[in-house]
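**Q** let me see the structure of the following:
(2 chains)
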2 protein chains.
Amino acid sequence: MTKRLRYQVATSLDGFIATPNGGYDWIVMDPAIDFKALYNEFDTVVMGRKTYDLAKEQANHGAMPGIEVIAFSRTLEPAEYPGVRIVNDDPATVVRELKTKPGKDIWLFGGGELFRVLLDAGLVDTVELAVMPVLLGEGIPVLPPGAQATLELRDLKRLSASGIVVLAYSVAGSSARAPRIRYVKARRKARRAVPNGKRPGKSRKR
Amino acid sequence: MTKRLRYQVATSLDGFIATPNGGYDWIVMDPAIDFKALYNEFDTVVMGRKTYDLAKEQANHGAMPGIEVIAFSRTLEPAEYPGVRIVNDDPATVVRELKTKPGKDIWLFGGGELFRVLLDAGLVDTVELAVMPVLLGEGIPVLPPGAQATLELRDLKRLSASGIVVLAYSVAGSSARAPRIRYVKARRKARRAVPNGKRPGKSRKR
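**A** Numbering: from 1, shown residues only, chains lettered A, B, ... in the order given. Just a heads-up that it's a prediction; the model follows:
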């Protein structure tokens, strides 16, 4: 099986990955997301320059242990970002080559512009969105203008603590299907509220 | 209980309710949606002028049996659209008045501009989207620019035939919660394919 290229990002309900000035404080967290399991599905991450501008502020210039991080940029100086591959070449050419290699999947980390380029090149296999319970009204779009993309719903998880909905789609025409969402822990059954505040069968510790 | 104002529309996965020129042929249907049950949850429909421009091309100028249809317009001539209430007044004032009346809920039928006006006036109680498995990249937004709206996920249905996901949110700060999604028929269990094409325990009629 060839490596899949999976566009996996958090979006607002109205399809923005950031506010107009790149803000993302509207993205909420949920304890059901097992980030370690998520990262473990990939051995490569690709991102556009604007996304990397945010990622490089993280520890180790955005390098991720066990994952090859590739940032596409015509201007950044590779020597300044050890542990990350700064690539000046055509993203479609680079990703097409990456997909021929054995190994885990490739995470298209963002942003929308890189998604558009790789989608138009027929290289994106899945669209996996963590949809936040917010309407932003404006911002950086999950996909900039261009041709429509038809999708096939493959899996869905509802995260009850936060109201996040995770949606996994295959891109129509791709030979690879989206994987099931395995990095979200099983939903625990809601405990029934009892009028006097006690839970049946459970004594309180003092 | 007061009438709820419920914004219920179909959107693309990236938050558009129509293509840039108003096209909606990307909206798919699903046999699990019980439209009669859906319409039966409302006794009033409100819509903006652009949405009504599409609705009035339907039979009876977009009038709906058993439902009061209100279209906000400063230019349309009411006499030309019998069975529909063409209203020239401020939408927020009109809707605020409608919400004090007894009865079923009010359907905010679209479009995004009317949603923005009524949301900013604090009058919208729910956001209920039928999310289609498509990325449009551009179009008429589900919510035009302005203040963010925080939502609370209330219910979700996955429509397996089409890949539509129906999401029901309450608007944070509203005193009324979104109802559960009752107009989607229960998902039938997928029948297991059997190698020789026969289904166990079921003889074929000829």
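**Q** going forward, measure contacts between C-alpha atoms and count neighbours the same way
**A** Will do.
**Q** for stretch A:113-129, give the mean pLDDT please.
**A** Across stretch A:113-129, the average pLDDT comes to 98.
**Q** between the two ends of that stretch, how far is it?
**A** In stretch A:113-129, first residue to last residue: 16 Å (CA to CA, to the nearest Å).
**Q** please apply the same query to stretch A:91-111.
**A** Note: stretch A:91-111 ends 13 Å apart using CA to CA.
**Q** just stretch A:82-94 next, same as before
**A** 19 Å.
**Q** got it, and stretch A:131-140?
**A** Start-to-end, stretch A:131-140 (CA to CA) is 15 Å.
**Q** which parts of it are buried?
**A** A:131, A:132, A:133, A:134, A:135, A:136, A:137, A:138, A:139, A:140 (16 or more other CA atoms under 10 Å in any protein chain shown).
**Q** same check, this time on stretch A:180-189
**A** Going by 16+ other CA under 10 Å, stretch A:180-189 has these buried residues: A:181, A:183, A:184.
**Q** how about that stretch and chain B, touching?
**A** No. Applying CA under 8 Å from any CA of the partner chain, one finds stretch A:180-189 out of contact with chain B, separated by at least 14.5 Å.
**Q** closest one of the buried residues of stretch A:180-189 to residue A:42?
**A** residue A:183 (12.2 Å; CA to CA).
**Q** on that earlier part again, rebuild the buried residues of stretch A:180-189 as TSV, extending it with secondary structure and pLDDT.
**A** Below are the buried residues of stretch A:180-189 laid out as TSV (DSSP: H, G, I helix; E, B strand; the rest coil; pLDDT from 0 to 100):
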residue	secondary structure	pLDDT
A:181	coil	98
A:183	coil	97
A:184	strand	96
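**Q** let me know the closest of these to chain B.
**A** residue A:181 (14.8 Å; CA to the nearest CA).
**Q** sec struct for the closest residue to that closest one other than its chain neighbours, please.
**A** Residue nearest to residue A:181 in three dimensions, not counting chain neighbours: residue A:155, with 6.4 Å by CA to CA, 6 or more residues apart in numbering or on different chains. Secondary structure for residue A:155, judged by DSSP: H, G, I helix; E, B strand; the rest coil, is strand.
**Q** let me see the mean pLDDT of the helix or strand harbouring residue A:46.
**A** According to DSSP states H and E, residue A:46 maps onto strand A:42-47. Averaging pLDDT along strand A:42-47 gives 98.
**Q** that strand pairs with which strands, parallel or anti?
**A** Neighbouring strands of strand A:42-47 in its sheet, by DSSP bridges, are strand A:68-72 (parallel), strand A:105-110 (parallel).
**Q** can you redo those strands as a markdown table with mean pLDDT, mean neighbour count and distance to residue B:83?
**A** Output for the strands paired with strand A:42-47, formatted as a markdown table (pLDDT from 0 to 100; neighbours: other CA atoms under 10 Å in any protein chain shown; distance: least, CA to CA, whole Å):
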| stretch | mean pLDDT | mean neighbour count | distance to residue B:83 |
| --- | --- | --- | --- |
| strand A:68-72 | 98 | 22 | 58 |
| strand A:105-110 | 97 | 23 | 50 |
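**Q** dump the ones you listed into TSV; add distance to residue A:58 as well.
**A** Formatted as TSV, those follow (distance: least, CA to CA, whole Å):
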stretch	distance to residue A:58
strand A:68-72	13
strand A:105-110	15
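**Q** enumerate every residue touching the closest residue to residue A:144 other than its chain neighbours.
**A** Spatially, and ignoring its direct neighbours in sequence, residue A:144 is nearest to residue B:137 (5.2 Å; CA to CA, 6+ apart). Counting by CA atoms under 8 Å, 6 or more residues apart in numbering or on different chains, residue B:137 touches A:141, A:143, A:144, A:145, A:146, A:147, A:148, B:14.
**Q** tell me the secondary structure for residue A:83?
**A** Residue A:83 - assigned by three-state DSSP - is coil.
**Q** brain fart, residue A:37
**A** Residue A:37 ends up helix, using three-state DSSP.
**Q** what residues sit buried inside stretch A:166-184?
**A** Buried, per 16+ other CA under 10 Å, within stretch A:166-184: A:166-172, A:176-179, A:181, A:183-184.
**Q** how about stretch A:43-55?
**A** Quick answer for stretch A:43-55 (16+ other CA under 10 Å): A:43, A:44, A:45, A:46, A:47, A:48, A:49, A:50, A:51, A:52, A:55.
**Q** alpha carbons of it, as PDB, please.
**A** Output in PDB follows, covering the C-alpha atoms of stretch A:43-55 (Å, rounded to 0.1, in the frame of the first residue of the first chain):
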ATOM      1  CA  ASP A  43       6.100   9.300   9.700                       C
ATOM      2  CA  THR A  44       6.100  12.500   7.600                       C
ATOM      3  CA  VAL A  45       4.500  16.000   8.000                       C
ATOM      4  CA  VAL A  46       4.300  18.500   5.200                       C
ATOM      5  CA  MET A  47       3.200  22.100   5.700                       C
ATOM      6  CA  GLY A  48       3.200  25.500   3.900                       C
ATOM      7  CA  ARG A  49       5.300  28.400   4.900                       C
ATOM      8  CA  LYS A  50       2.600  30.300   6.800                       C
ATOM      9  CA  THR A  51       1.800  27.300   8.900                       C
ATOM     10  CA  TYR A  52       5.500  26.700   9.500                       C
ATOM     11  CA  ASP A  53       5.800  30.300  10.700                       C
ATOM     12  CA  LEU A  54       3.600  29.200  13.600                       C
ATOM     13  CA  ALA A  55       5.100  25.800  14.000                       C
END
